[in-house]
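Asks: The sequence and its predicted three-dimensional model are supplied below.
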Amino acid sequence: MTMMSVTFEVMFRVEAEVESGEVVCVVGDCDRLGNWDPHHAVVLSRESSSPGQCRKNNQQMENRCDKEDRKTCDVWRKKVKLCGMKNYNYRYFVCQIIESDSESTERTVKVIRWETNILPRVFSPADYMKDPGKYDAEIMKFGEYEIHGISIGGKNHVTKGWLTDQSEIHIRIHGNPIRMWKPKYRKQTYRIKCTPLDQRYKDHLDEDEEEDEWGTHVSPPSTFTKVLVSTLDERQINHCVQSESGTIFETGSYMIFTAETTEPESLGFQFDFYVNQEGVTPKHIGYCYLLPVDLKKSNDTKTVPITGLNHKPIGQIDLDYLTVKPVPGLDLKMDVSYQNYWKFERKSLDVGHRGMGSSYKHKKLAAVRENTVQSLQDAANHGADYVEFDVQLSRDMIPVIYHDFHVAITYRKKKREELEFYQASVKDLKLSELQSMKLAHASRISDNDRDDIHEDDIDPTDLQPFPALERVFEAVNPATGFNVEIKYPQEKVNGEFEEINFYDRNKYVDIILRVVMRTAGHRRVVFSSFDPDICILVQRKQNKYPTLLLTNGEDVEKYVPYMDLRTRSIDMAIYFATFSNLLGIDVLTSTLFRNMNKIEKVKEAKLVLFCWGEDNNDSNAINTLKQKGVDGIIYDRIDFFKSGDKSVFQVEQEQTERILMSAGLLSPTDTLQNLEPSSGLENEVNS
């Protein structure tokens, strides 16, 4: 006898704040709910609308600018037929949708913000059958809900969306970029406004139409693109709507204009300059353009002329831009996200620096060669919660584990038998060459000790340098988290470049992300980079793993500072991480010891704090940092300073399994790692 399948017509109903052009969708773990794919989610219909904010939410995603808030508080609803008695997991998200003109292509979806609680919402047919009317009448609050009858409103998360089908353009004005040629303009303070320009229709405008409709110096504005402004300081750190006469730029500050578009090749920008005088209406004195032809690379700096209202040049400005594009073909779901989640009540994490420690700079500290499979696994075996390692690309575009941008190749001169070292770039060698050639650390070039230059390198494979990133994910205990530092060369304040003619940032990050997303499985992953733009790309191109900005802070003695202003102080790192929605920052420990109050400042900004540096190779320093609440401490020789051979995650998992077994929710022969992610229990232990 076959039992009839039970069908429920479930009312999904939620209250959410939306702007014009935005809709609310529901996505979940079955075909009818889109299988966690935002492109196949169910679009809800607006039931009612009222101006202003919804009921107060203590966990607002952003502190919006007070001047202009065009949101309405809407109730959205939709009935969906669900079959069977299994529980259904789902989430709500706010987005913009552009329907496709072709049946062969999907609609374009721009996720504005989405619910990212570790445990999703649950529809229980068993609970629904007890009182269908009560369930249908309930209006849920976006970002706030209960799991198993327990309110988790205090731990809710609403996260900014990632780049699904659209690109994001950042235009940065910083330092002392404005050079006016007339003396009367040089000492003025300026307000700057950025207007998007749609260049798709430039060939269809006649002269009269262009001049009459937009004025003599203005191109057609882009109707569908909004430019928001931020400053990396206390004034306007969040993405804000621009005022009519723009935002004040102060010399030495860092201003960012941000725009999203599905057609970056057709988007240009106009910048208008206003003299700012207190108590006086800002005076418009000139303008300049940054056109699509100027935005061909992923990032660059352009010097463009400022034209006065009489159409004559009056000065020039340096405009620095970054274009962030989605990863082609990367299928990202909405089942879970750890991007902005951290279990702050957990004790400080012990992170193995390059596995078991630096082996080239500090040979006495290293047990095995750094950044090798063996080094990473040994750290895992000694209870490292995470292991930190460095990733870059080989010549054949394969992500490889190695810290420095250069290596020393062994070669023999034509007329002499002696062997010598020659410096080569990692990016100029294929993976097979990196793994088969006799290579040494670049520091050996200036080393007079050449006794081992004739020796064969016969170490086992797992002790050899340059393991592929994919191999590391496969070989190291999956219970150990990975802190993946993405290397990218920068310019230092002394004019030195770490490397030249490097890869395009978008292509470079895309390749690394594809490998991580394909091989990570249930492993915890945290990305980090010293390059702020790499941090932006990693954060915006995927929706699952968090990102930390690495910084030397104010230290100028141990390392030569980078030119990038965003890397040169803890305060600026905090502003940048907040602006970019990063999980937190990773700071050189010596700067924290000089001013321990900075730890509290990071915590006040609700950011996660890791620290790195040689000062961490001391048990007293580690204990002090843990007592001060630093979330992750990166150091050499985990076997010296870490007690026990299990990570905190292994301990927590064993405790959770015992609790679930005693409650009858887990069999003695099963483990949490064997459960389907949709059960919710696996996510709970990974949180």
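Replies: That came through fine.
Asks: Next, the buried residues of stretch 253-266.
Replies: Buried positions in stretch 253-266, judged by neighbour count with 16 or more other CB atoms under 10 Å: Tyr254, Met255, Ile256, Phe257, Thr258, Ala259, Glu260, Thr261, Thr262, Pro264, Ser266. All C-beta spots, glycine's among them, are computed from the backbone N, C-alpha and C.
Asks: Go through those residues and say which is closest to Ser569.
Replies: Set against Ser569, the nearest of the buried residues of stretch 253-266 by CB to CB is Tyr254 (11.3 Å).
Asks: In three-state terms, label the residue nearest to the spatial centre of the chain for me.
Replies: Most central in the chain under CA atoms, centre = their mean is Gln539, positioned 1.6 Å from the mean C-alpha point. Of the three states, Gln539 takes helix according to DSSP: H, G, I helix; E, B strand; the rest coil.
Asks: what's the nearest residue to it once chain neighbours are set aside in contact with, if anything?
Replies: Spatial nearest neighbour of Gln539, excluding adjacent residues (CB to CB, 6 or more residues apart in numbering): Thr547 at 4.7 Å. Thr547 is in contact with Gln339, Val526, Phe527, Ser528, Ser529, Cys535, Val538, Gln539, Ser580, Leu582, Leu583, counting by CB atoms under 8 Å, 6 or more residues apart in numbering.
Asks: And those, which is closest to Tyr88?
Replies: For the contacts of Thr547, the nearest to Tyr88 is Gln339 (23.9 Å; CB to CB).
Asks: Near the closest one, how many other residues are there?
Replies: When neighbours are counted by other CB atoms under 10 Å, Gln339 registers 20.
Asks: What are the phi and psi values at it?
Replies: Per-residue torsions, Gln339: phi -60, psi -40 (degrees, to the nearest 10).
Asks: For it, give its distance to Lys130.
Replies: 36 Å (CB to CB, to the nearest Å).
Asks: Please apply the same query to Asp631.
Replies: Distance from Asp631 to Lys130, by CB to CB: 43 Å.
Asks: Looking at the two, which has the bigger crowd around it?
Replies: More crowded of Asp631 and Lys130, by other CB under 10 Å: Asp631, with 25 against 9.
Asks: Count the neighbours of the nearest residue to that one once chain neighbours are set aside for me.
Replies: Nearest residue to Asp631, sequence neighbours excluded (CB to CB, 6+ apart): Val608, at 4.8 Å. Counted with other CB under 10 Å, residues neighbouring Val608 total 23.
Asks: For Glu234, see how far away Val608 is.
Replies: 21 Å.
Asks: Against Glu244, how distant is Lys193?
Replies: Distance of Lys193 to Glu244, given as CB to CB: 8 Å.
Asks: okay, these two: which has more neighbours?
Replies: Per other CB under 10 Å, whichever of Lys193 and Glu244 has more neighbours is Lys193, with 21 against 8.
Asks: Could you double-check that that one sits in contact with Pro282?
Replies: No - at 9.5 Å, Lys193 does not count as touching Pro282 under the criterion of CB atoms under 8 Å.
Asks: Find residues that contact each of these two.
Replies: Ser245, Gly246, Tyr274.
Asks: CSV please, covering these and showing neighbour count.
Replies: Shown next, in CSV, are these (neighbours: other CB atoms under 10 Å):
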residue, neighbour count
Ser245, 18
Gly246, 23
Tyr274, 22
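Asks: Among those, which one lies nearest to Gly664?
Replies: Gly246 (63.4 Å).
Asks: helix/strand/coil for Asn477?
Replies: Classification of Asn477 using three-state DSSP returns coil.
Asks: nearest spatial neighbour of it, skipping sequence neighbours?
Replies: Spatial nearest neighbour of Asn477, excluding adjacent residues (CB to CB, 6+ apart): Ala380 at 4.4 Å.
Asks: so how many other residues sit close to that neighbour?
Replies: Residues lying near Ala380 (other CB under 10 Å) number 26.
Asks: cool, and Asp636?
Replies: Other residues lying near Asp636 total 25 when counted by other CB under 10 Å.
Asks: how close does it sit to Ser443?
Replies: 17 Å.
Asks: do Phe466 as well
Replies: 17 Å.
Asks: same check, this time on Asn89
Replies: Distance from Asn89 to Ser443, by CB to CB: 52 Å.
Asks: pLDDT of stretch 116-136, averaged?
Replies: The pLDDT scores in stretch 116-136 average 90.
Asks: going forward can the numbers begin at 44, since that is how I track them
Replies: All set: I'll call the first residue 44, so the last point we hit is now stretch 159-179.
Asks: Which strands and helices lie in contact with the helix or strand hosting Met560?
Replies: Secondary structure from DSSP states H and E places Met560 in helix 548-562. Packing partners of helix 548-562 (3 or more CB pairs under 8 Å, 6 or more residues apart in numbering; DSSP states H and E): strand 356-367, strand 429-436, strand 442-444, helix 512-518, strand 524-529, helix 575-584.
Asks: would you list these in CSV and tack on mean pLDDT?
Replies: Formatted as CSV, the helices and strands packed on helix 548-562 follow (pLDDT from 0 to 100):
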stretch, mean pLDDT
strand 356-367, 97
strand 429-436, 98
strand 442-444, 98
helix 512-518, 98
strand 524-529, 98
helix 575-584, 98
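Asks: Could you dump these into TSV with distance to Arg397 added?
Replies: Compiled in TSV, the helices and strands packed on helix 548-562 are given as follows (distance: least, CB to CB, whole Å):
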stretch	distance to Arg397
strand 356-367	29
strand 429-436	6
strand 442-444	9
helix 512-518	12
strand 524-529	9
helix 575-584	19
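Asks: Arg701 versus the spatially closest residue to Ser167 that is not a sequence neighbour, what's the distance?
Replies: Distances taken as CB to CB, 6+ apart put Asn130 closest to Ser167, at 5.2 Å, once the chain neighbours are dropped. The spacing between Asn130 and Arg701, counted by CB to CB, is 24 Å.
Asks: ok, those two, which is more surrounded?
Replies: Neighbours per residue, other CB under 10 Å: of Asn130 and Arg701, the larger number sits with Asn130, 15 against 11.
Asks: pLDDT value on that one, please?
Replies: 95.
Asks: For the closest residue in space to Val367 that isn't next to it in sequence, what are phi and psi?
Replies: Spatial nearest neighbour of Val367, excluding adjacent residues (CB to CB, 6+ apart): Glu211 at 4.5 Å. Torsion angles at Glu211 (phi, psi; degrees, to the nearest 10) stand at phi -130, psi 130.
Asks: go on, Asp74?
Replies: The phi/psi pair for Asp74 (degrees, to the nearest 10) reads phi -60, psi -40.
Asks: Neighbours of it, how many?
Replies: Close neighbours of Asp74, defined as other CB under 10 Å, add up to 9.
Asks: same check, this time on Gly218
Replies: Neighbourhood size, Gly218 [other CB under 10 Å]: 14.
Asks: again with Val694
Replies: Close neighbours of Val694, defined as other CB under 10 Å, add up to 13.
Asks: Ok, Asp241 next?
Replies: Asp241 sits with 18 neighbouring residues when counted by other CB under 10 Å.
Asks: does it really touch Pro307, like I thought?
Replies: No - between Asp241 and Pro307 there is no contact under CB under 8 Å: 11.9 Å.
Asks: The helix or strand hosting Glu695 vs strand 429-436, what angle?
Replies: For Glu695, the host element (DSSP H and E) is helix 691-705. Angle, helix 691-705 to strand 429-436, by axes from the mean of the first three to the mean of the last three CA atoms, to 10 degrees: 120 degrees.
Asks: what number of residues lie near the closest residue to Phe464 other than its chain neighbours?
Replies: Distance criterion CB to CB, 6+ apart; nearest residue to Phe464, sequence neighbours excluded, is Ala451 at 4.0 Å. Per other CB under 10 Å, the neighbour tally for Ala451 reads 22.
Asks: With Lys457 instead?
Replies: Lys457 sits with 4 neighbouring residues when counted by other CB under 10 Å.
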